[in-house]
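**Q** Have a look; sequence and predicted model below, questions after that.
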Amino acid sequence: MDWGRCEKGIDASLEKLRAFKKKLSAPLPHHQEELHSEQIRCKELESSVEGWTDDITSLFLLRDSFGGVVSADDLTLLQERLQLLQSQWHEICHQLSLRRQQVSEKLNEWAVFNEKNKELCDWLTQMEGKVSQNGDISIEEMIEKLRKDYQEEISVAQGNKRHLQAMGERLARASQDSKAAEIQHKLSKVSERWQHLLDLIAARVNKLRETLVAVQQLDKNMSSLRSWLAHIETELSRPIVYDTCDDQEIQRKLNQQQELQRDIEKHSTGVASVLNLCEVLLHDCDACSTETECDSIQQATRGLDRRWRNICAMSMERRLKIEETWRLWQKFLDDYGRFEEWLRTSERTAALPNSSGVLYTVAKEELKKFEAFQRQVQECLTQLELINKQYRRLARENRTDSTCRLREMVHDGNRRWDHLQRRVASILRRLKHFISQREEFETARDSILVWLTEMDLQLTNIEHFSECDVQAKIKQLRAFQQEIC
């Protein structure tokens with residue numbers, strides 16, 4: 001009876017085994033909901049396997065109870081059948097475990113997709129940041145990175161994107177409408193961001209190239225402007241040399257200055273363009289990616305602006321200086337003309353003095369005349385000193401002429417005044433000498449007349465009124481004779 005129960009147990013186990021095999025032989029589903037159902041069914045099968053373990057254990061216990069009752073051959077056959085059944089069940093358990101693992105892996109693909117999608121999105125965010133920033137490298141190096149290094153990263157990531165796309169499309173087909181729409185939205189978002197990255201790189205390369213061209217153009221324009229600035233600064237700093245001191249020379253210098261001014265005005269647009277370009281580059285993070293580059297552009301801007309303003313001021317000052325020179329020349333020539341006219345008249349006066357062979361009274365009048373004339377000469381010394389002061393200023397400020405006409409005029413005026421002053425002094429000395437001789441003669445004559453009068457009185461007194469004897473009178477007369485001799 002136990003043998004029959006054992007046979008029935010084995011048959012029942014084999015029937016379960018066949019049912020298991022049939023269930024496990026069904027192809028794996030692809031749809032997410034079906035996979036969830038399959039996962040539940042696998043769990044249920046695992047639970048039923050636990051019941052099989054109890055059945056197989058009871059069969060082995062029955063086998064053990066046949067010892068001494070059943071022949072050895074039957075017992076061996078039973079043992080083999082039970083071992084085969086056990087191995088088949090183990091194989092079924094293994095297949096069930098594999099199926100459940102496969103179902104789990106398939107269900108996990110949605111999570112893997114989300115993870116891969118997040119990784120790709122994070123990479124896109126990182127790349128966008130790297131593309132948008134320069135760091136501490138030059139524009140040329142950044143362009144090279146965008147064209148080479150970053151393109152290599154993009155090529156690697158493009159494979160991941162294709163894999164994600166294929167995976168997403170496959171999962172979308174295996175998902176419900178809502179889940180499929182979510183996957184399609186993520187794929188669309190990735191595609192948009194991918195295209196945005198490509199567009200960003202292309203725009204970044206174009207922008208960097210434009211900036212590089214602008215920087216190179218700035219360097220070229222700066223170099224050209226520096227040469228022109230050096231030339232115009234040299235021209236404006238060059239002393240103004242006047243060949244002659246007339247209005248034609250002034251007009252010639254003004255025409256030359258006007259040519260320089262036109263050249264300056266012609267370059268004003270170029271200078272403004274360079275200054276505007278500098279201002280634009282100062283607000284361009286690519287052109288000023290480092291503090292050194294920013295300082296360089298700022299210094300170039302300040303230097304150019306300072307030199308340009310200085311040139312404009314120097315040009316204006318140079319024109320005003322030429323115009324002022326003409327006014328100073330006119331003032332000098334007018335003053336000198338009046339002085340020379342007086343000098344010419346004075347020289348004629350001093351050339352014909354009435355100082356020889358004249359009466360005493362005429363000499364006295366001539367002396368008064370030339371003393372007044374000498375005061376006039378001394379008074380005109382102030383006018384001559386003013387002319388000398390004007391010339392010293394002209395010479396100090398390099399406003400004299402190359403022909404030395406102004407210097408000769410001043411030297412001639414000084415020389416002629418000195419000669420006039422000496423001539424007048426000489427005339428006055430001659431007149432004073434003549435007059436002093438006449439006055440000394442008159443004084444001596446008067447003195448002699450007084451003495452003669454006194455002597456006459458004394459002789460008359462001795463001759464008519466003296467009471468002395470003859471010898472005393474003779475003695476007195478001899479004393480008078482000695483005094484006269």
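**A** Everything's here; your move. These numbers were taken from a predicted model, which means no experiment stands behind them.
**Q** List the residues that contact L431.
**A** The contact partners of L431, taken as C-beta atoms under 8 Å, 6 or more residues apart in numbering, are P353, S355, A363, E366, L367, F370. Where C-beta positions appear, they are placed from N, C-alpha and C, glycine not excepted.
**Q** So which of these is surrounded by the most neighbours?
**A** Of all the contacts of L431, F370 has the most neighbours under the rule other C-beta atoms under 10 Å, reaching 23 neighbours.
**Q** That one: which element?
**A** Under the criterion of DSSP states H and E, F370 resides in helix 360-396.
**Q** and that helix, what other elements does it pack with?
**A** helix 291-351, helix 405-460 (3 or more C-beta pairs under 8 Å, 6 or more residues apart in numbering; DSSP states H and E).
**Q** Show me the one of these that comes nearest R173.
**A** Closest to R173 of these is helix 291-351 (C-beta to C-beta; 54.2 Å).
**Q** Isn't W228 up against S268?
**A** No - shown here, W228 and S268 do not form a contact pair, counting by C-beta atoms under 8 Å, at 11.8 Å.
**Q** which of those two has more neighbours?
**A** W228 (16 against 11).
**Q** How about the more buried one, nearest residue that isn't a chain neighbour?
**A** In space, and not counting its chain neighbours, W228 is closest to H267: 6.2 Å by C-beta to C-beta, 6 or more residues apart in numbering.
**Q** same thing with T349?
**A** Nearest to T349 is F373, by C-beta to C-beta, 6+ apart, at 6.5 Å.
**Q** Looking at the closest residue in space to L431 that isn't next to it in sequence now. What's its pLDDT?
**A** Leaving aside its chain neighbours, L431 sits nearest to L367 (4.5 Å; criterion: C-beta to C-beta, 6+ apart). At L367, the predicted lDDT confidence score is 79.
**Q** May I ask you to confirm that the residue nearest to T349 is in contact with V424?
**A** Yes - look at F373 against V424 with C-beta under 8 Å: they come within range, at 6.1 Å.
**Q** list the contacts for the residue nearest to T349?
**A** S346, T349, A350, V424.
**Q** Just among the residues you listed, which is most surrounded?
**A** The member of these surrounded by the most neighbours (other C-beta under 10 Å) is V424, with 22 neighbours in all.
**Q** separation between the closest residue to that one other than its chain neighbours and E366?
**A** Spatially, and ignoring its direct neighbours in sequence, V424 is nearest to Q374 (5.0 Å; C-beta to C-beta, 6+ apart). According to C-beta to C-beta, to the nearest Å, Q374 and E366 sit 12 Å apart.
**Q** can you check A166 too?
**A** For A166 relative to E366 (C-beta to C-beta), the value is 135 Å.
**Q** Any idea which helix or strand in the chain has the lowest mean pLDDT?
**A** Lowest by mean pLDDT, DSSP states H and E among the helices and strands of the chain is helix 32-65, with a mean of 57.
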